[in-house]
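**Q** Sequence first, then the predicted structure, then my questions.
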Amino acid sequence: SLLVYFHGGGFISQSSLSHSPYLREWASKVEDAVVLAIDYKLAPEHKYPVAVQEGVYAWEWAVRNANRLGTRAVKVAIGGDSAGANIAL
């Protein structure tokens with residue numbers, strides 16, 4: 001299983017590290033799960049749609065390279081919270 005996850009933070013703050021405690025917990029509860037937490041460029045230095053474009057690239061890379069991440073990716077999910085959920089859409 002593979003979860004590609006985008007952190008929240010209103011497109012201006014936070015990182016994969018700020019969300020790692022609960023992402024690690026999720027991964028530990030699903031057998032053979034790999035959680036790929038994506039950091040993306042933040043505003044205001046990087047204007048829309050940079051974060052969304054990076055999200056699309058990260059998703060495509062993760063699916064193509066799942067074996068490098070240690071999963072066959074039979075099941076693949078995309079998710080996020082707050083701003084990250086918007087990228088995931």
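**A** That came in fine, so what should we check first?
**Q** and the helix or strand of the chain with the lowest mean pLDDT, which residues are buried?
**A** Using mean pLDDT, DSSP states H and E, the weakest-scoring helix or strand in the chain turns out to be helix 16-29, at a mean of 92. Neighbour-count burial for helix 16-29, counted by 16 or more other CB atoms under 10 Å, picks out 16, 19, 23, 27. All C-beta spots, glycine's among them, are computed from the backbone N, C-alpha and C.
**Q** Which element is encountered next along the chain beyond that helix?
**A** Moving toward the C-terminus from helix 16-29, the next helix or strand (DSSP states H and E) is strand 34-38.
**Q** List the buried residues for that following strand?
**A** Under the neighbour-count criterion of 16+ other CB under 10 Å, strand 34-38 has 34, 35, 36, 37, 38 buried.
**Q** Stretch 3-14 too?
**A** By neighbour count, with 16+ other CB under 10 Å as the criterion, the buried positions of stretch 3-14 are 3, 4, 5, 6, 7, 8, 9, 11, 14.
**Q** residues making contact with it?
**A** 15-16, 18-19, 23, 26-27, 33-40, 42-44, 48, 51, 55, 58-59, 62, 76-85, 87-88 (CB atoms under 8 Å, 6 or more residues apart in numbering).
**Q** Could you work out the end-to-end span of it for me?
**A** The stretch stretch 3-14 measures 19 Å between its terminal residues, going by CA to CA, to the nearest Å.
**Q** so can I have TSV of the buried residues of strand 34-38 showing pLDDT and distance to residue 72?
**A** As requested, the buried residues of strand 34-38 are arranged in TSV below (pLDDT from 0 to 100; distance: CB to CB, whole Å):
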residue	pLDDT	distance to residue 72
34	93	10
35	94	15
36	96	14
37	96	20
38	97	20
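**Q** Fine, thanks again, bye for now.
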